[in-house]
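**Student:** no FASTA, just this:
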Ligand code: HEM
């Protein structure tokens, strides 16, 4: 339980640059944040996520890389999709595929560049002390991006708060503002801290999952065909998906999350002297003493590849989620229990819209490049699915080709 195994809050300090927040807190403080943040992801938000995702992917088809036979870098495309949907559906802030947004007069960077820079490089602020951030061009850019992001977030808060005509909006930012206005101890810093967390928690996790899912579908063409047929059987001819009840698409997303969970370990510690009962592969049970203060990490990857719960765990097989008794307790991509991911529904809604739209209109392939012409399937798989650890598990390079169906 949460009381027995709380979070080691210290590990999360990286995430508190813009204020205390739901992820980097525990106990009463966490409860207070959760109470304010959870209703921000309500049903109305689901509709908004769905509509904005359809709009953004439609715009992508028309304006950018998915033109007939064109190719693109999936890792970058996925980051952009996830960011645009977050911007539009979480903060009521639309961004554009065409890079011509322009920098607003009181800023030195666009919102898009600031958030991309901060989400990729903010770890540097943990290593380099404040006074030294001005020394190299790289750290100066990270510092500027952080300052800019902070200003953007404060502006979003102030402009919503001071808007003459209060618009009815369904995004989490509006809900967060509304809920926090009933709690006078909730400061602007609590707001920026949590807004930043929604951005960080929702951006890379979502983007990397999309990227791996594209790669897996491009590698396993039979699975892509199965998904295409499923979508075809549900989707109105030539039409847009109308509901997020496309189970086949969510199985692909789940299977991707099982194989490539963006968060690979979830840190906890023991609040008291306690024990854990562990069983070995052969079924023997053993009591493991866990002294107070022990660091306990939930090994997400280990659990997701355990043959005890998953048959042929190395195989990409979305249909395993079709079984009504798939092992829910052995799937912890979103953590589990009361401190689990608050954005799960957000991700699922967006993901189903993205993959339904793209797979219904395009065949996804790994881009053919002359230097890799002679590789075997196993080599290609290893190349395309290569990753590096980061805040989340990050794909290295996934060049794709989209062919209009
Ligand atoms: C594939 C997508 C996602 C994955 C795999 C994921 C994974 C996780 C995990 C593992 C946790 C627990 C972290 C911990 O205990 O240290 C978490 C918490 C959280 N996630 Fe997500 N997440 C995803 C998408 C999102 C999105 C889209 C949002 C918001 C828009 C979001 C917001 C949050 C928040 C606010 C928490 C903290 C909840 C709390 O501490 O009470 N996540 N997520």
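**Tutor:** Perfect, thanks for sending it. These numbers were taken from a predicted model, which means no experiment stands behind them.
**Student:** Please enumerate the helices of the stretch 151-300 of the chain.
**Tutor:** Ranges of helices in the stretch 151-300 of the chain, per DSSP state H, counting those that start in this stretch, are 172-181, 188-219, 221-234, 247-259, 300-304.
**Student:** Is there proximity between stretch 24-44 and the ligand?
**Tutor:** Yes - using C-beta under 6 Å from any ligand atom, stretch 24-44 reaches the ligand at 34, 37. Every C-beta, even on glycine, is put in place using the N, C-alpha and C of the backbone.
**Student:** Now find how far off-centre that stretch is within its chain.
**Tutor:** 18 Å (C-alpha atoms, centre = their mean, to the nearest Å).
**Student:** Between the two ends of that stretch, what distance do you get?
**Tutor:** 27 Å (C-alpha to C-alpha, to the nearest Å).
**Student:** list the buried ones in the host helix or strand of residue 360?
**Tutor:** In the assignment (DSSP states H and E), residue 360 maps to helix 344-361. For helix 344-361, burial by neighbour count (16 or more other C-beta atoms under 10 Å) applies to 345-361.
**Student:** Please tabulate the helices of the stretch 151-300 of the chain in JSON lines, including the columns distance to residue 76 and mean pLDDT.
**Tutor:** Output for those, formatted as JSON lines (distance: least, C-beta to C-beta, whole Å; pLDDT from 0 to 100):
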{"stretch": "helix 172-181", "distance to residue 76": "25", "mean pLDDT": "79"}
{"stretch": "helix 188-219", "distance to residue 76": "9", "mean pLDDT": "89"}
{"stretch": "helix 221-234", "distance to residue 76": "21", "mean pLDDT": "92"}
{"stretch": "helix 247-259", "distance to residue 76": "18", "mean pLDDT": "93"}
{"stretch": "helix 300-304", "distance to residue 76": "25", "mean pLDDT": "96"}
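**Student:** Kindly state which of the ones you listed is positioned closest to residue 118.
**Tutor:** Between residue 118 and the helices of the stretch 151-300 of the chain, the shortest gap by C-beta to C-beta is with helix 188-219, which sits at 8.2 Å.
**Student:** For that closest one, buried residues please.
**Tutor:** 190-219.
**Student:** Return only those of those residues found close to the ligand.
**Tutor:** Among the buried residues of helix 188-219, the residues that sit close to the ligand (C-beta under 6 Å from any ligand atom) are 197, 198, 201, 202, 205, 206, 209.
**Student:** Distance to residue 403 added to the residues you listed, as a markdown table?
**Tutor:** Compiled in a markdown table, these are given as follows (distance: C-beta to C-beta, whole Å):
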| residue | distance to residue 403 |
| --- | --- |
| 197 | 38 |
| 198 | 35 |
| 201 | 34 |
| 202 | 30 |
| 205 | 29 |
| 206 | 25 |
| 209 | 23 |
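**Student:** List just the nearest of those residues to residue 182.
**Tutor:** Using C-beta to C-beta, these come closest to residue 182 at residue 198, 19.6 Å.
**Student:** Thanks again, I'm all set now.
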